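[1] Fold the following.
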Amino acid sequence: MGALVRTMGLSLAVSFLHIATAYAGSDLANAAPSATELGPHAATSPDAIPRLINELGDSSFAVRERATRELLEIGMAARDALADAAKAPDPEVRMRARSVLTAVSSADFRARLEAFSSDYDGHQNRSLPGWEQFSAQFGNGRAARQTFVEMQRAEPELLEAFAKGGKAANEAIAARCQSLSQHAMQNQREAQVPIGTIATMLLVGSSEGIVIDEQIGAQLFTWMLYQQAFQKNATSGPWSPMLKQLLGRWVVKDVSATATVNNLMFAASYELKPEALQLAQRVLSNENNHSTVRQYAILLIGRFGGREHLPLVEKLLHETTSCGMFQVGTPPQQVDLQIRDIALAVAVHLSGQNLRDYNYQSVQPNPTTLFQVTTLVFPDPAKRDEALDKWAHWRAAHPEG
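    Predicted structure coming up:
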């Protein structure tokens, strides 16, 4: 009979603690329940914690309920003891300890988040896990604080691990990448990621010492950055400056070959001039990069660079690597677009000359990449040789660029 009563008590306690947990996660719960709300035992001293933990497994349902209420009232002072009790051999002690721990931790987090959010100008020196690292990069202004609040609401566990750094941070970001990848695969069309999550992933993923699998970095982060919520908030509104800074950190850190073209396009699309130039120059410094990557790097040098970048581009005027075969003219004929064709067009642009004077007769502009790359072909190899010769003569007459 006693076992039956205890089992029934466990069921009732589960219901009670689900309510307590829901309360801690509600909009009204910015702190643990007050003494008045908890009744005559609310003013329990933290010194009673060991006794109350023991009473979570008492044979009396009333005693277990009272101990649960008093531990809820004590709140975070009982956190360590509750964490230990959550591993106890007694299943009811484990269940109650875990539920109380969840409730008080949630209430404490919400209270600290509200206090941080209300400290608009940082005069009260409120802090949260990860804020030190974030503010060191993005300042202590209101926009930075508001951005960080949204990041905390979306990813508190990841930011807590990030604040610890080292192994904890790398394990946390790896686990979060895995869960987000599964979410994307299972909900391919409907899958949406909160903007706070994307911002946190960019912050942690671009930080020094954090290592992310190359394939995940190429696929998951690109997928997130193409999310409508990110594009909208990064383009305009109060989030825009902060999101662009976070994106800028990511594109220059992630150097995996599979992600570089996307990163070049992100840098161009969001007008990240320093990052676009840094990434483009890095790409062009490595001759082993694929021609597709190199052609876009050249174009972004043309879009964001100046005459000081002419020597970099001129090094490519002898590179005959093919970027593909294209049909031009009437009747259509197959022509080879080469790296040097794109480099010459960019060099002419940077020098302030007219591309038509260099036999580029059908050039079309592109708002992202300066030129539509397929319009930079020469229909006749002789026209290319003529244009290159013209450039050599111009350069000889203008050695300073």
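[2] what's whatever helix or strand residue 217 lives in packed up against?
    Using DSSP states H and E, residue 217 falls within helix 214-225. If you count contacts as 3 or more C-beta pairs under 8 Å, 6 or more residues apart in numbering; DSSP states H and E, helix 214-225 packs onto helix 166-186, helix 195-205, helix 257-269. (C-beta placed from N, C-alpha, C; glycine too.)
[3] so how far is the last one off the chain centroid?
    For helix 257-269, the separation from the chain centroid amounts to 15 Å (computed by C-alpha atoms, centre = their mean, to the nearest Å).
[4] Could I have the CA atoms of that helix written out in CSV?
    Extracted in CSV, the C-alpha atoms of helix 257-269 (Å, rounded to 0.1, in the frame of the first residue of the first chain):
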residue,chain,number,x,y,z
ALA,A,257,37.0,26.3,-50.5
THR,A,258,33.4,25.3,-50.7
ALA,A,259,32.2,28.4,-48.9
THR,A,260,34.5,31.1,-50.4
VAL,A,261,32.3,32.0,-53.4
ASN,A,262,29.3,32.4,-51.2
ASN,A,263,31.3,34.5,-48.7
LEU,A,264,32.5,36.7,-51.5
MET,A,265,28.9,37.2,-52.6
PHE,A,266,27.8,37.9,-49.0
ALA,A,267,30.5,40.5,-48.6
ALA,A,268,29.5,42.1,-51.9
SER,A,269,25.7,42.0,-51.3
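[5] Kindly calculate the angle that that helix makes with helix 214-225.
    Interaxial angle of helix 257-269 relative to helix 214-225 (axes from the mean of the first three to the mean of the last three C-alpha atoms, to 10 degrees): 30 degrees.
[6] Who are the packing partners of helix 257-269?
    For helix 257-269, the elements it packs on are helix 214-225, helix 240-253, helix 273-284, helix 291-304, judged by 3+ C-beta pairs under 8 Å, 6+ apart.
[7] Check which residues of the helix or strand where residue 49 lies are buried.
    Using DSSP H and E, residue 49 sits within helix 49-55. Across helix 49-55, burial judged by 16 or more other C-beta atoms under 10 Å covers 49, 52, 53, 55.
[8] now stretch 346-366
    346, 347, 348, 349, 350, 355, 358, 359, 360, 363.
[9] Please apply the same query to stretch 228-236.
    By neighbour count with 16+ other C-beta under 10 Å, stretch 228-236 contains the buried residues 229, 230, 233, 234.
[10] so of the residues you listed, which ones are in strands?
    If you go by DSSP state E, those have nothing in strands.
[11] separation between the closest residue to residue 163 other than its chain neighbours and residue 168?
    Leaving aside its chain neighbours, residue 163 sits nearest to residue 129 (3.9 Å; criterion: C-beta to C-beta, 6 or more residues apart in numbering). Residue 129 sits 11 Å away from residue 168, going by C-beta to C-beta, to the nearest Å.
[12] Skipping its backbone neighbours, what lies nearest residue 194 in space?
    Counting by C-beta to C-beta, 6+ apart, the residue nearest residue 194 is residue 154, at 4.6 Å.
[13] Just list the residues touching the one you found, thanks.
    Listed by C-beta atoms under 8 Å, 6 or more residues apart in numbering, the contact partners of residue 154 are 194, 195, 196, 197, 199, 200.
[14] Pop out the phi and psi values for the first one.
    When you say that, I think you mean residue 194. In terms of degrees, to the nearest 10, the main-chain angles of residue 194 are phi -60, psi 150.
[15] so what's it up against?
    Counting by C-beta under 8 Å, 6+ apart, residue 194 has contacts 150, 154, 229.
[16] And residue 108, how far from residue 195?
    Taking C-beta to C-beta, one finds residue 108 at 25 Å from residue 195.
[17] Looking at those two, which one has more neighbours?
    A count of neighbours by other C-beta atoms under 10 Å puts residue 195 above the other of residue 108 and residue 195, at 21 against 17.
[18] Might one say that the more buried one is in contact with residue 239?
    Yes: using C-beta atoms under 8 Å, residue 195 makes contact with residue 239 at a distance of 6.7 Å.
[19] Now for the two: what residues contact both?
    With C-beta under 8 Å, 6+ apart, residue 195 and residue 239 have common neighbours residue 233.
[20] Include pLDDT and distance to residue 163 when you put the buried residues of helix 49-55 into TSV, please.
    Formatted as TSV, those follow (pLDDT from 0 to 100; distance: C-beta to C-beta, whole Å):
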residue	pLDDT	distance to residue 163
49	93	26
52	94	30
53	92	28
55	93	35
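[21] Reformat the residues you listed as a markdown table; add distance to residue 312.
    Below are the buried residues of helix 49-55 laid out as a markdown table (distance: C-beta to C-beta, whole Å):
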| residue | distance to residue 312 |
| --- | --- |
| 49 | 67 |
| 52 | 70 |
| 53 | 67 |
| 55 | 74 |
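[22] if we can go back for a sec, what about the residue nearest to residue 163, how many residues nearby?
    Neighbours of residue 129 (other C-beta under 10 Å): 19.
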